[in-house]
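Asker: sequence-free structure coming up:
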């Protein structure tokens, strides 16, 4: 399968043909081939691959299992907003061991609370914190403290996400 041809071409403002990649991924081997492009030095390929990975793992989070270590290492290195906002959603789909969970939680909290981050990175980090707190109830108090801080925000997208999550039991 030639995944690369669907990820190439155009510029950074375009998702290219990512929507054509998603249905091509039928199993772990296909996903693993796609995931190699997430780690590419070519920013365009990496950006589009992580977009496809995020979409695919909504239905197949188990495909992420062999890639947890790479995702964990990528979090503190991510500098592009487009990579961060996808990483935020992806990390919530992984069953982290306790020592790694703490680091992931801290990174997401930094992204969620930092005025230097883009709004979509912040909103997706908030969503990820909520999802992780559902899997790990011991984190709910930390989430409550973060939410108290975020409630002071005047950013409409953050306020909207908090309203949505409160309806879901935040």
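Answerer: Received, thanks. Since we're looking at a predicted model, the values are computed, not measured.

Asker: got any ranges where this structure has weak pLDDT?
Answerer: 1, 10-16 (pLDDT under 70).

Asker: what's the domain layout of it?
Answerer: 1-59, 80-170 (automatic domain parsing).

Asker: all helices for the protein, in order.
Answerer: Assigned by DSSP state H, the chain shows helices spanning 4-7, 18-21, 28-38, 43-59, 68-77, 81-91, 98-113, 119-135, 140-150, 156-167.

Asker: Output the domains of the chain as CSV; include the columns distance to residue 74 and mean neighbour count.
Answerer: For the C-beta atoms, the positions are set from N, CA and C on the backbone; glycine is no exception. Listed next are the domains of the chain as CSV, based on distance: least, C-beta to C-beta, whole Å; neighbours: other C-beta atoms under 10 Å:
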stretch, distance to residue 74, mean neighbour count
domain 1-59, 8, 17
domain 80-170, 6, 17
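
Asker: Distance to residue 70 added to those, as TSV?
Answerer: Compiled in TSV, these are given as follows (distance: least, C-beta to C-beta, whole Å):
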stretch	distance to residue 70
domain 1-59	6
domain 80-170	11
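
Asker: Go through those and name the closest to residue 67.
Answerer: Residue 67 sits nearest to domain 1-59 of all the domains of the chain, at 5.4 Å, using C-beta to C-beta.

Asker: do you know which of the domains of the chain lies nearest residue 73?
Answerer: Comparing those by C-beta to C-beta, domain 1-59 comes nearest, at 9.6 Å.

Asker: From the rest of the structure, what touches stretch 136-147?
Answerer: Stretch 136-147 has contacts (C-beta atoms under 8 Å, 6 or more residues apart in numbering) with 101, 105, 109, 112, 113, 126, 129, 130, 132, 133, 162, 170.
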